[in-house]
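[1] okay, here's the prediction I keep looking at, along with the sequence it came from:
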Amino acid sequence: MKIGSPATQVRLQVFLEHGPGFTNIPVGQCAWVPSRRVAAFEWSQEAMDSGLNLSPLMMPKGPGLAYASHDPFYGIHPLFSDSIPDGFGLRLMNKGLIEAGYKLDEINPLHRLAWIGERGVGALTYKPVIDASAEPLLTSIFDAASLAISAEEENFKDIPKQAIRAGGSALGARPKFWASVGPDKTKVILGDQPKVFTGFVPSLLKFAPTGGDPNEPYLEAACLELAARHGVKAAAGELLHHPSGAALAVERFDRLPNGDRIHTQTVAALLGINFREPNLDYKALAQLARKIGGDSDVERLYRQLCFNVALSMRDDHAKNFSFSMDPDGQWYLSPAYDLCPSAGLGLTQEHTTAINGKGTKITCGDLLSFAGSIGLSPLLAQEAIDNARAAATEFEALAVSLGATTRRAKQWANAFKSIDAHLKPVMVPVAGPGNSRGRSKKGNNPMP
C-alpha cells in the first residue's frame, strides 16, 4: 500500500500490541508536517486512560498535538525513534522502500515507520503498513550468512524480500537479521514472525562484517557467557556455525516464543539523546534506573558497569542500554547486550559513557566511589569488581574454545591485564598500637 508522498499529509496510527491474549491499545496518531519538517503526535484517549507510561520522561500523556524536535531523531518523537534502524538496517530499508515504489528523496521518517509496520523493536506497531506481504523464509544458516554478505556489499539482486525485511528492521551498524532459530541450530526463519514455530527461538542473528574482524561473533559469545557466569544479567547467545565462520544468535528479550511482545526503549529514546555523541554518564543511568525501575535495577547496572570496565566494553553508548516495560506498566532494566570488547573513542580510547566524569583509566577507587554515590554497600561494590576481574581472566581460554583465533583472544586478554592494573584494590597502611609501620586493609586511595 502506498501511503502518500510529501505533497500530501502522511498519517500513521500507532498501537501497543503485547501479543496473543492482550487487547491492542491505540497509542495515538502521527502526522508529518512538511512546513516544519517534523512529526506531530496526539495521544489517544485509550492510551491516556491506560495508566501505561510508554515514554515516562520525554512524552508525558496529555491532550492536544505535540510537535517533535528535528534533532536528534530527524523529526520524529523519541518514543518512535528505536523503530528506525541505522547502518546496515537503514540500507536494507532504503532498498525495500525503493522496491515498494518510493523515491528516497520524496519520503519522510513516517514512511520509514510505515515500512517497519509490525516488525520493530518492542511492542509498538504502525498502520497503514507499506508493502506488508511476505511469506516466512525458512533457510539454512549458511544461506543466511551469504545473504548478509550480499546485503552488506549492497548486492541486492538476488536477495529475497524476506531478507530485506528481516535486516531492514534490525538495529545496529553490523550485518544482522531478525530470525527465529530452529532447534537443530542449522535452520532459521528470517523475519519477525507474530508467532514462531514450536522449538524455534526469536533471535537477532549477527554476522562478522565483511572486511572487519571475523572473530567478532566468537568474542561476543564469550563475553555474554562470562557476563552470565559473573553476576551480570545478559541476553542469551549461541554460535551458529557455517562453512565460512559463525553467526551469533542473540535471544530477543522483547519477544517471547508464544508471540508476546515486550515494550522496550533504549536509553537514547528514553532520554531523547543522540547515541552517537558521548553525552551520558553512568550516574545518569543509575538515576534513570531508580526513577523508572527500582533498587535492583541500580545494582544490576553497577554490575554491568564493572564488567564493561574490566572487559573494555567501551562502545557503551545510549542505544546499548535499554529498559523494558511489562504489560502492567512496570519498567525494568533489560538484559545486557552488545557485549563485545572495543578500543574506545578517539586517540584516548575512552568509554562512550563516562564514570564520574572519566572515560579511561577507571580505578577500583572510582568504581567504589561511584557505588557509594548511588547507595550500594561497599561489600556489594567490591564483589562486583572482583567478579568482573575474574571474568577478564577467563576470557582468553573461553574465546579460543569457541572459535576465536589465539592471536586475537590474547590481544584482548593483554588489554584486559592493562585495565586490571587499575582495578586492583589499594592497600592502605593503617597505624596500630605497637606497630609503627601499621597494618594493611583495602581502601579507595593510598594515604599520603
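    In hand now; what should we look at? Numbering: from 1, shown residues only.
[2] where in this protein is pLDDT low?
    Within the chain, the ranges that satisfy pLDDT under 70 run 1-9, 426-448.
[3] surely K206 touches R174?
    Yes: between K206 and R174 there is a contact at 6.3 Å, judged by C-beta atoms under 8 Å. Glycine gets a C-beta too; all of them are placed from N, C-alpha and C.
[4] identify the residue spatially nearest to the residue positioned nearest the centre of the chain, adjacent ones excluded.
    In the chain, the C-alpha nearest the mean C-alpha coordinate belongs to N320, at 4.0 Å (C-alpha atoms, centre = their mean). The spatial neighbour of N320 that comes closest, neighbours along the chain excluded (C-beta to C-beta, 6 or more residues apart in numbering), is D338 at 4.8 Å.
[5] ok, the one you found - how many residues close by?
    The tally of other residues near D338 (other C-beta atoms under 10 Å) stands at 22.
[6] same check, this time on D254
    Using other C-beta under 10 Å, D254 has 21 neighbouring residues.
[7] for the protein, what's the longest helix?
    Residue-count comparison of every helix in the chain, with assignments taken from DSSP state H, identifies helix 378-402 as the longest.
[8] now L124, what are its backbone angles?
    The main-chain torsion angles of L124 are listed as degrees, to the nearest 10 and equal phi -80, psi 140.
[9] that one and Q13 touch, don't they?
    No: using C-beta under 8 Å, L124 makes no contact with Q13, being 11.1 Å away.
[10] returning to that earlier point: got the contact list for the residue nearest to N320?
    Contacts here follow C-beta atoms under 8 Å, 6 or more residues apart in numbering; on that basis D338 touches 172, 220, 315, 320.
[11] neighbouring contacts of the helix or strand containing the second one?
    Under the assignment given by DSSP states H and E, the secondary-structure element containing E220 is helix 216-229. Contacts made with helix 216-229 from outside it, assessed by C-beta under 8 Å, 6+ apart, are listed as 174, 206-209, 213, 233-239, 245-248, 250, 304, 307, 311, 313, 336, 338-341, 391, 394-395, 398-399, 402-404, 408-409, 412.
[12] go again using 7 Å as the cut-off
    For helix 216-229, contacts defined as C-beta atoms under 7 Å, 6 or more residues apart in numbering pick out 206, 208, 234-235, 237, 239, 246-248, 307, 311, 336, 339-341, 391, 394-395, 398-399, 402-404, 412.
[13] buried set for the next helix or strand after that helix?
    Along the chain past helix 216-229, the next helix or strand (assigned with DSSP H and E) turns out to be strand 237-242. Of the residues in strand 237-242, those with enough neighbours to count as buried (16 or more other C-beta atoms under 10 Å) are 237-240, 242.
[14] again, but for stretch 247-263
    Applying a neighbour-count criterion of 16+ other C-beta under 10 Å, the buried positions in stretch 247-263 are 247-257, 259-263.
[15] could you dump stretch 309-325 to CSV, C-alpha only?
    As requested, the backbone C-alpha atoms of stretch 309-325 are provided in CSV (Å, rounded to 0.1, in the frame of the first residue of the first chain):
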residue,chain,number,x,y,z
VAL,A,309,35.2,-1.6,32.5
ALA,A,310,37.1,-4.8,33.1
LEU,A,311,36.5,-6.2,29.6
SER,A,312,36.9,-3.0,27.7
MET,A,313,33.2,-2.6,26.6
ARG,A,314,33.8,0.9,25.6
ASP,A,315,31.1,1.1,23.0
ASP,A,316,28.7,1.7,25.9
HIS,A,317,26.6,4.4,24.2
ALA,A,318,22.9,5.2,24.9
LYS,A,319,21.5,2.7,22.5
ASN,A,320,23.4,-0.1,24.2
PHE,A,321,21.3,0.1,27.3
SER,A,322,17.6,-0.5,27.3
PHE,A,323,14.6,-0.7,29.6
SER,A,324,11.5,-2.9,29.1
MET,A,325,8.0,-2.4,30.4
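[16] stretch 29-38: end-to-end distance?
    Distance across stretch 29-38, first residue to last, is 14 Å (C-alpha to C-alpha, to the nearest Å).
[17] again with stretch 12-23
    Between the opening and closing residues of stretch 12-23 lies a distance of 19 Å (C-alpha to C-alpha).
[18] relative to the whole chain's centre, how far out is it?
    Taking C-alpha atoms, centre = their mean, to the nearest Å, one finds the center of stretch 12-23 at 22 Å from the center of the full chain.
[19] before we move on, what about stretch 13-31?
    The offset between the C-alpha centroid of stretch 13-31 and the centroid of the whole chain comes to 23 Å, using C-alpha atoms, centre = their mean.
[20] what lies in contact with it?
    The set of residues that contact stretch 13-31 without belonging to it, under C-beta under 7 Å, 6+ apart, is 9-12, 39-44, 46-47, 50, 54, 110, 123-127, 258-261, 263, 327.
[21] next, count neighbours for R300.
    Neighbouring residues of R300 were enumerated by other C-beta under 10 Å; the total is 22.
[22] how about the nearest residue to it, chain neighbours excluded?
    For R300, the spatially nearest residue (C-beta to C-beta, 6+ apart) is L333, at 5.3 Å.
[23] can you pull the phi/psi pair for that neighbour?
    Per degrees, to the nearest 10, the residue geometry at L333, taken as phi and psi, is phi -70, psi 130.
[24] bridging residues for it?
    Partner residues in beta bridges with L333, using DSSP bridges, are F323.
[25] go ahead and confirm it touches Y302.
    No: using C-beta atoms under 7 Å, L333 is not in contact with Y302; the gap is 10.8 Å.
[26] thinking again about what came up before, among the buried residues of stretch 247-263, which are in strands?
    Secondary-structure check on the buried residues of stretch 247-263 using DSSP state E: residues within strands are 247-251, 263.
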